[in-house]
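1. Predicted model follows, preceded by the sequence.
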Amino acid sequence: MKSLTATPVRSPCVKVCEMDEAIGLCKGCFRTQDERDWWVAYTDAQQLEVLRRCEQRREVVKLGSGDLAPSMGEVVSKRKA
């Protein structure tokens with residue numbers, strides 16, 4: 001029988017929590033400081049968007065060229081307390 005409980009979006013954290021000041025991103029997960037701070041307040045859809053942006057940023061850094069996706073920034077939590 002399938003579970004009816006939604007699976008939470010897994011955090012991209014890889015336990016390398018150090019900001020690269022030159023580009024303003026975490027060296028491990030490629031999130032901005034706001035995205036790291038607000039992760040638990042984001043909705044599932046917002047978390048998935050952060051993951052998409054992290055992948056884009058990872059590719060830009062790997063290639064050494066291109067524009068980094070902007071931060072999702074702060075949010076008002078839509079999750080129930």
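-> Great, that's in hand.

2. all strands for the chain, in order.
-> Taking DSSP state E, the strands of the chain run over residues 19-20, 25-26.

3. so what does the first one touch, helix or strand wise?
-> To tie it back to what came earlier, the one meant is strand 19-20. Here strand 19-20 touches strand 25-26, going by 3 or more CB pairs under 8 Å, 6 or more residues apart in numbering; DSSP states H and E. For every residue, glycine as well, the C-beta is placed using N, CA and C.

4. cool, and the last one?
-> For strand 25-26, the elements it packs on are strand 19-20, judged by 3+ CB pairs under 8 Å, 6+ apart.

5. Give me the contacts around the strand it packs on.
-> 25-27, 33 (CB atoms under 8 Å, 6 or more residues apart in numbering).

6. just the buried members of the residues you listed?
-> Listed as buried from the contacts of strand 19-20 are 25-26; burial here means 16 or more other CB atoms under 10 Å.

7. what pLDDT, on average, does stretch 26-33 get?
-> The average pLDDT for stretch 26-33 rounds to 97.

8. what is the rounded mean pLDDT of the lengthiest helix in the chain?
-> For the chain, the helix that runs over the most residues, judged by DSSP state H, is helix 44-63. The pLDDT scores in helix 44-63 average 96.

9. ok, back up a step: tabulate the strands of the chain (CSV), appending distance to T43.
-> As requested, those are exported to CSV (distance: least, CB to CB, whole Å):
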stretch, distance to T43
strand 19-20, 25
strand 25-26, 21
